[in-house]
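> 3D, please:
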Amino acid sequence: MTARRLVVRDAGPLTTIQDSGRRGWAHLGVPRSGALDRGAAELSNRLVGNHRDAAMLETMLGGLTFTASTAMTTAVTGAVVPVLVDGRPQAFGEPVSLRGGQTVQLGHVESGLRSYVAVAGGIDVPPALGSRSTDTLSGIGPRPVTAGNELPVGAALGSPHGSDVSVVRRLPSAMLRFQPGPRAAWFTAQALETLSRLTYTVAADSNRIGLRLHGPRLGRDKDAGLPNELPSEGIVLGAIQVPASGQPLVFLNDHPTTGGYPVIGVVLPEDISSCAQLRPGDDVRFRQAAPHVSLPPR
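Coordinates of the predicted model:
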């Protein structure tokens, strides 16, 4: 019997293997990693009948090309991209049946930045610390995908499903909601107002570690009686860190677990996926969210 695998012909600008990430290791300095656009990743798995945590390919800007060794089902979600099978156009955001030997090619991304390619059975590389995700910061997990890689595919467990939600086309801007703190007191009162009212631009050196932004400087409060330097402390997903330049940085899935610059706020978890689809030059605005209120149990 032919082994189930994908033979990579072209990995595009950057393709990594991702699942839902490795949680519970931050106390040992290990980031969570995992798919940046969690909703798109889970949808692609659902379309091919996988569990939502199955490993898939996260690829930037298109160009990924691979050949299926045997019959299997695939689906592409996230950033909108032309999908070709042996040169013939196929549906985006829908299950696509492949015969053994057929080649899938992603064209140039039309909207967004990162696309997700799931195959029935999932990418079956060995897990590291409970996850098959590539960590671009620490190097834990599988290495980034390159041409010539043969990626094992697990046995299909469920039946493919048609699309049950509309595919969202990302626009070149985002509104990120955030909660102030934990070091908001290190900044001037105007800094929070500036962050909440003015527009920032995504910088070219953004990556899976963090979304770097250019825009109005966020100033420190020199009259608050605080020290000039902050001892390194824990950093969470979505933390808006402000280095000495005053330019904010939103930490994403491969972020370090500690940092030495003050964090003015934290982006709500629901808005992290928007960061995954922003390109250099796209606009970002922040909005301070109302405090979360927990309802008493009934």
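
> any low-confidence regions in the stretch 51-200 of the chain?
Residues of the stretch 51-200 of the chain meeting the criterion pLDDT under 70: 162-171.

> what's the closest non-adjacent residue to A120?
In this structure, A120 finds its nearest non-sequential neighbour in A156, 3.9 Å apart by Cβ to Cβ, 6 or more residues apart in numbering. Every residue, glycine included, has its C-beta placed from N, CA and C.

> distance of that neighbour from M72?
Distance of A156 to M72, given as Cβ to Cβ, to the nearest Å: 7 Å.

> look at those two and report which has more neighbours.
Legend: neighbour count by other Cβ atoms under 10 Å for A156 and M72, higher for M72 (21 against 18).

> distance check, G122 against G49.
The gap separating G122 from G49 is 10 Å, by Cβ to Cβ.

> tell me who's in contact with D271.
Contacts for D271 (Cβ atoms under 8 Å, 6 or more residues apart in numbering) come out as A174, M175, L176, R177, G238.

> can you rerun that using 7 Å?
Contact analysis of D271 by Cβ atoms under 7 Å, 6 or more residues apart in numbering lists L176, R177.

> that one belongs to a helix?
Yes: assigned with DSSP: H, G, I helix; E, B strand; the rest coil, D271 falls within a helix.

> all further residue positions should be reported with the first residue as 28.
That works, and once the first residue is 28, the last one we named lands at D298.

> list the contacts for the residue positioned nearest the centre of the chain?
Centroid-nearest residue in the chain: L63, 1.3 Å away (criterion: Cα atoms, centre = their mean). L63 makes contact with E85, R141, R235, L279, N280, C302, A303 under the criterion Cβ under 7 Å, 6+ apart.

> farthest pair within these?
E85 and C302 (13.5 Å; Cβ to Cβ).

> just the helices in the stretch 28-177 of the chain please.
65-75 (DSSP state H, counting those that start in this stretch).

> please enumerate the strands of it.
Under the criterion DSSP state E, counting those that start in this stretch, strands of the stretch 28-177 of the chain are mapped to 32-38, 42-45, 83-87, 91-95, 99-107, 110-112, 115-117, 123-125, 130-133, 138-146, 177-179.

> run a quick neighbour tally on R73.
R73: 22 neighbours (other Cβ under 10 Å).

> same deal with A147?
So A147, with other Cβ under 10 Å, has 27 neighbours.
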